[in-house]
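*Asks:* here's my sequence, what's the structure:
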Amino acid sequence: MANALFYLMAAGAVAAALGVVLAKSPIQCVLSLLASFFCLATIYLLAGFQFLAAAQILVYAGAIMVLFLFVIMLLNLGNPSSKDGAEDGLFRRKGAFLSVIVAAATMAAGAMAVTADGLAPATQPMPEHGIDTINGLAGEMFGRYLLPFEAISILLLATAVAVVVLAKRDRKDAGKGS
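*Replies:* Purely as a prediction, here's the structure:
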């Protein structure tokens, strides 16, 4: 039963990720991403990571999705202009094609890594039931993975600053035109 639910949620996450890439409206993209987050949270629950599943729902499905919707509304992306419809369709097809190629290359690299004879042994064995205590998770996040954690926080900060700059530039241009 658990295996069937895992495969169902994995297929749902992949389908929702395709919806993110192929949707025509930014709102539909955000909703597809939300569905993907919920599928991932269910997979975390099946793996026994209750804290990580709760964090996935609260942080990503809650806070990050609200931020994405705020950015879409701030930049007024909800109503795409119909004057560039032909070019938009061409870019969408190219983006979907590129996404499929990147996904296929990633899956091929993963398959080669799994089937390789000389896989390096893990430096430290993982605990039998994963790391689900808050102390263990915090120790890993702020110990071994501190640099990637801080790099992601800087990336999110730079993204927020870029959105504000883009929004202010669009408003200044609109004020000059009228």
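*Asks:* alpha carbons only for contacts and neighbour counts from here, please
*Replies:* Noted.
*Asks:* residue contacts, T42?
*Replies:* Going by CA atoms under 8 Å, 6 or more residues apart in numbering, T42 touches M9, A53.
*Asks:* which element is it on?
*Replies:* According to DSSP states H and E, T42 maps onto helix 26-47.
*Asks:* quick check: next helix or strand after that helix?
*Replies:* Next along from helix 26-47, by DSSP H and E: helix 50-55.
*Asks:* okay, buried residues for that following helix please.
*Replies:* Q50, F51, L52, A53, A54 (16 or more other CA atoms under 10 Å).
*Asks:* using PDB, write out every CA atom in that helix.
*Replies:* The C-alpha coordinates for helix 50-55 follow below in PDB (Å, rounded to 0.1, in the frame of the first residue of the first chain):
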ATOM      1  CA  GLN A  50       7.300  14.100   9.800                       C
ATOM      2  CA  PHE A  51       9.100  17.300  10.700                       C
ATOM      3  CA  LEU A  52      10.300  17.800   7.100                       C
ATOM      4  CA  ALA A  53       6.800  17.200   5.700                       C
ATOM      5  CA  ALA A  54       5.400  19.800   8.100                       C
ATOM      6  CA  ALA A  55       8.100  22.300   7.200                       C
END
